[in-house]
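Peer 1: Sequence first, then the predicted structure:
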There are 2 protein chains.
Amino acid sequence: MAAHFSLRGVPIVIAVDRGLRKSLSAQIYDAFRARIARREMRPGQIVPSTRELARDLDISRLPILTAYAQLLAEGYFEARIGSGTFVARSLDPKSFLPRPGPRDRDNSFDLPSKPRVISARASALPPYVRSLPAEGVGPFQVGQPDLSAFPLNVWSRLVARRSRNMRADEFLYGDPMGFVVLREAIATYLRTSRLVKCEADQIMIVSGSQQALYVTARVLLDPEATVWVEEPGYWLVRKVLKVAGCRTVPVPVDAEGLDVRAGVRLSPKARAAFVVPSHQFPLGVTMSAGRRFQLLDWAHKAGSWVIEDDYDSEYRSGGMPISSLQGLDTESRVIYIGTFSKVLFPSLRVGYIVIPPDLVGRFATVRQSMDLCPSASNQAVLADFIRQGHFIRHVRRMRKIYAERREVLAREIDRESGKLCTIVGAEAGMHLTVLIHAKIRDQEIAAKAAEKKLWLWPLSPTYDDVAPQQGFILGFGNTRSAEIPGAVRVLKELLSRS
Amino acid sequence: MAAHFSLRGVPIVIAVDRGLRKSLSAQIYDAFRARIARREMRPGQIVPSTRELARDLDISRLPILTAYAQLLAEGYFEARIGSGTFVARSLDPKSFLPRPGPRDRDNSFDLPSKPRVISARASALPPYVRSLPAEGVGPFQVGQPDLSAFPLNVWSRLVARRSRNMRADEFLYGDPMGFVVLREAIATYLRTSRLVKCEADQIMIVSGSQQALYVTARVLLDPEATVWVEEPGYWLVRKVLKVAGCRTVPVPVDAEGLDVRAGVRLSPKARAAFVVPSHQFPLGVTMSAGRRFQLLDWAHKAGSWVIEDDYDSEYRSGGMPISSLQGLDTESRVIYIGTFSKVLFPSLRVGYIVIPPDLVGRFATVRQSMDLCPSASNQAVLADFIRQGHFIRHVRRMRKIYAERREVLAREIDRESGKLCTIVGAEAGMHLTVLIHAKIRDQEIAAKAAEKKLWLWPLSPTYDDVAPQQGFILGFGNTRSAEIPGAVRVLKELLSRS
């Protein structure tokens, strides 16, 4: 409703015709009345001033004043001193429609009674429903960083400065690869901290891991292509591959990461493998050096692609970050994907792809067909944020905070429910996973927990398997240390009651 | 290079092992030397302070100080008082590598000598090459609004205010449909000014027309689906459909818009028609009422979809904007697409889709698989900009400015080259098109014009036809009235010399 009030000066499509026998004022009166009746104008919406309308219709103000006076007198319009004229807020359009025909219902669409033909792949996907965990904020939310520690004042200052000093070319369409300065900053960071082999011209700025995965799938894979995915694994990878029409082969993950030999047994000629070697989702395993070389060896021999998703390895406790799989590859078979969603904040929507040099032009052309180029504003601000050292300072600060929470969470779970479960993946990132030994249904418990504002992500849906491991993925990015003991006790109660 | 200087404090991946016989300082010395040689660290890049490195490696500073002293003495590092220690800028890595192996080349990738297997559709597309017109700014650029008239001070103020007052939920992942407040503002605008039948929950925020077209094609069309496209038409529509694997059927456009009868003759069962009825690109025709009803009638009977791209109809001179095709549809067969790229500025990357109510969930799920959700910052600022009335004020101001330029351009062309050409589409938008009667090659002339900083878009590539009409699409969005006569004279000279 509030939105309507503010849409001051929107031109109204009303036709007047001097050739008609009906007077101009009657035409205007009828037109507004009909538009209100059809709900094309809504109660509370501002109407143009008589002066504006006279200009738009290129007629004198007199017939407009006459029409407005009548609409005011009859209660269609209401005037508020100093604010203007509005469609009356008290109005119920149904009440003054003589005989509402089928076109005049509240929703003026004729909704079809049965599903209509759309693409087979879109039909096969369940329609989007906003999930409960996505709405709530509370203990154990997965994928949400602690925003209270984010240097918002620094960020705001950079945003404000950039918006005052935009160069003319920053208003125009950009390169589908993204801003050069940001790409250079990312390349330096990746070479130095992640041992990624790259130059700035191999880096494409995208809106996050999701777009990175999507573009990569589109460039590399035909429909019906067979692809290894981790079992258990990240559900949005499977969704991307489903949308692309690929066949996914779930390959088990053990304590050393993806079981490459199992993959070769299941599907030796797969076109690609999608892996998270630094901190697997959801199990949190780091792929061993042996498995890394096995995987690259397979990719080289099979002529296949490895997509390395490195979404949160900045936050590893103890020692240096794990170096990338991409850096070990000698035949540029690895596409390396990263994001700032976890390390800064999700709504930023900036991630990147490190593309093998011979494929840069192909990635760019596919990306251009999807959304032309990334938005200018966030790229410029982020480049400043990195180049001025705020990024690294923030990572260092958060690494400590998350390490502490991780420790508290693991200790509390151990103490409260140590016999019931095993903790895995507590070396890095913003979540750990508990495997439950007892016979429970994790999805049912998660639903009950949501009623208590505890956001447990059930583990079983991350498996394709018909008899999946039960457990929970527990985020601590946005869960303070002080909240953890209480939240773990609620979890324990839920477990013991089931 | 500048980027390197600023990447202060980036953690360096260096492994030290107390178990080795080699001293810690020798391990550190060797590690830096190797990383510089492999170009993982670049001349001019800052190195961590000894204190930072000691903390990262969890060792004492002493061996680090020893190693740094040696690296400084041997010229690998250089110290700058008050700034820190850097990889020496004078360094040529090749010069000190004893025997550069294949792994140690400048670009450490083994580039394959022949193309590698990627998806068939990506292979079929020409690799992206940044076009000359996209780089230059000058007379007749197409698709670029006049930014000097944009109320940048207002925009900056809204950006700064928003960035200071971000609510916690604005940092998190958003709804794949976009911000509710922006969707409400757009719905009110479209109902009032374009006679679009819609509620806010049918509106999806996307990054512009391109993403709107892409998402729509993915939801509605299977590979191999037959689709009507306008002939001549917008090349990026054809690209989207090619990427989606569809078969395009070019349907001629005449003075009344798309020739629906020709379409029915060519492909009666086409699954969709992509049209720009308000201001066709490139011919600028407005589709007649008769053709609109014919098109809807065909779609209803064939069970096909109509995609209405309304990218610039805000700028129509004389009278009211043309009402939308979507508003005439009684069976919700029309998907309506719009963008703020032309009416505000291209790098904003905000557009929208008005989705038939029964398909909203499908669009949302496909969009989520592509890039989760739109970026928060621009949506919030744009919502403020619209709700506070700046949007409409800007449109009114620009409508006058563009009307004047359009008039000057048409008049000058008429005077200078009236016999050589016909002007079409000079009623709206930010471009008009000249059809050249003489036998010329528009692409050759455009290449010559670019040397003179005149950005002519040749007309012939907008046709699929083997014998296309020759001509030029002349943008005046970013061409001031005073520049127009001179630019037209240059165009005339180019034409007369060919």
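Peer 2: Structure's in. What do you need? Residues are numbered from 1 along each chain as shown, chains lettered A, B, ... in the order given.
Peer 1: By proximity to chain B, which residue of the stretch 301-450 of chain A wins?
Peer 2: Across the stretch 301-450 of chain A, the shortest distance to chain B (C-beta to the nearest C-beta) belongs to residue A:361, at 2.7 Å. C-beta here means a position set from N, CA and C on the backbone, and glycine is covered the same way.
Peer 1: Would you enumerate the residues in contact with that residue?
Peer 2: Neighbouring residues of residue A:361 by C-beta atoms under 8 Å, 6 or more residues apart in numbering or on different chains: B:127-129.
Peer 1: So, low pLDDT: which residues of the stretch 201-350 of chain A?
Peer 2: Where the stretch 201-350 of chain A drops to pLDDT under 70, the residues are A:317-322.
Peer 1: at 80 what do you get?
Peer 2: Counting by pLDDT under 80, the stretch 201-350 of chain A contains low-confidence residues at A:312-323.
Peer 1: how about the strands in it?
Peer 2: Using DSSP state E, counting those that start in this stretch, the strands of the stretch 201-350 of chain A run over residues A:203-206, A:226-231, A:247-254, A:257-258, A:272-275, A:305-309, A:334-339.
Peer 1: now these in TSV, with mean neighbour count and distance to residue A:379?
Peer 2: Converted to TSV, the strands of the stretch 201-350 of chain A look like this (neighbours: other C-beta atoms under 10 Å in any protein chain shown; distance: least, C-beta to C-beta, whole Å):
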stretch	mean neighbour count	distance to residue A:379
strand A:203-206	27	6
strand A:226-231	24	30
strand A:247-254	18	33
strand A:257-258	26	33
strand A:272-275	27	26
strand A:305-309	25	21
strand A:334-339	26	14
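Peer 1: For those strands, give me TSV that also has distance to chain B.
Peer 2: Shown next, in TSV, are these (distance: least, C-beta to the nearest C-beta, whole Å):
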stretch	distance to chain B
strand A:203-206	8
strand A:226-231	12
strand A:247-254	14
strand A:257-258	19
strand A:272-275	10
strand A:305-309	8
strand A:334-339	10
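Peer 1: What number of neighbouring residues does the closest residue to residue A:41 other than its chain neighbours come out with?
Peer 2: Excluding the flanking residues, the one nearest residue A:41 by C-beta to C-beta, 6 or more residues apart in numbering or on different chains is residue A:35, at 4.8 Å. Residue A:35 has 20 neighbours, counted by other C-beta atoms under 10 Å in any protein chain shown.
Peer 1: before we move on, which element is residue A:35 in?
Peer 2: Assigned by DSSP states H and E, residue A:35 belongs to helix A:24-37.
Peer 1: Enumerate the positions of that helix that are buried.
Peer 2: For helix A:24-37, a neighbour-count test (16 or more other C-beta atoms under 10 Å in any protein chain shown) marks A:24-29, A:31-33, A:35-37 as buried.
Peer 1: if we can go back for a sec, what about the residue of the stretch 301-450 of chain A closest to chain B, which helix or strand?
Peer 2: Here residue A:361, judged by DSSP H and E, is contained in helix A:360-371.
Peer 1: what's the following helix or strand after that helix?
Peer 2: helix A:376-387.
Peer 1: Name the residues that touch that following helix?
Peer 2: Around helix A:376-387, the neighbours that count as contacts under C-beta under 8 Å, 6+ apart are A:154-155, A:158-159, A:161-163, A:166, A:170-171, A:174, A:178-179, A:181-182, A:185-186, A:189, A:205, A:340, A:344, A:348-350, A:391-392, B:2-3, B:6-7, B:159, B:347-349, B:375, B:377-378.
Peer 1: Give the buried residues for that helix.
Peer 2: For helix A:376-387, the neighbour count (16+ other C-beta under 10 Å) marks A:376-387 as buried.
Peer 1: In those residues, which has the lowest confidence score?
Peer 2: The member of the buried residues of helix A:376-387 with the lowest pLDDT is residue A:377, and it reads 82.
Peer 1: Nearest to chain B: which residue in the stretch 101-250 of chain A?
Peer 2: residue A:127 (2.7 Å).
Peer 1: Quick one: list the elements packing against the strand or helix carrying residue A:486.
Peer 2: Following DSSP H and E, one finds residue A:486 within helix A:484-497. Counting contacts by 3 or more C-beta pairs under 8 Å, 6 or more residues apart in numbering or on different chains; DSSP states H and E, helix A:484-497 packs against helix A:390-417, helix A:442-451.
Peer 1: Adding mean pLDDT, write the ones you listed out as TSV.
Peer 2: Formatted as TSV, the helices and strands packed on helix A:484-497 follow (pLDDT from 0 to 100):
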stretch	mean pLDDT
helix A:390-417	91
helix A:442-451	91
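Peer 1: Same list, these, but as JSON lines with mean neighbour count please.
Peer 2: Formatted as JSON lines, the helices and strands packed on helix A:484-497 follow (neighbours: other C-beta atoms under 10 Å in any protein chain shown):
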{"stretch": "helix A:390-417", "mean neighbour count": "18"}
{"stretch": "helix A:442-451", "mean neighbour count": "17"}
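Peer 1: Take the ones you listed and write them to JSON lines, including distance to residue B:277.
Peer 2: Formatted as JSON lines, the helices and strands packed on helix A:484-497 follow (distance: least, C-beta to C-beta, whole Å):
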{"stretch": "helix A:390-417", "distance to residue B:277": "47"}
{"stretch": "helix A:442-451", "distance to residue B:277": "47"}
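Peer 1: Relative to residue B:272, which of these is closest?
Peer 2: helix A:442-451 (38.8 Å; C-beta to C-beta).
Peer 1: ok now do residue A:67, which residues does it touch?
Peer 2: A:25-26, A:28-29, A:32.
Peer 1: Tell me the first helix or strand C-terminal of the helix or strand encompassing it.
Peer 2: Per DSSP H and E, residue A:67 falls inside helix A:62-73. If you walk from helix A:62-73 toward the C-terminus, the next helix or strand you reach (DSSP H and E) is strand A:77-80.
Peer 1: Given that following strand, what are its sheet partners and their directions?
Peer 2: Partner strands and pairing direction for strand A:77-80 (DSSP bridges) are strand A:84-87 (antiparallel).
Peer 1: Tell me the gap between the strand it pairs with and the middle of its chain.
Peer 2: 39 Å (C-alpha atoms, centre = their mean, to the nearest Å).
Peer 1: Now tell me what touches that strand from outside.
Peer 2: Strand A:84-87 is contacted from outside by A:5, A:8, A:36, A:41-47, A:49, A:68, A:72, A:76-80, using C-beta under 8 Å, 6+ apart.
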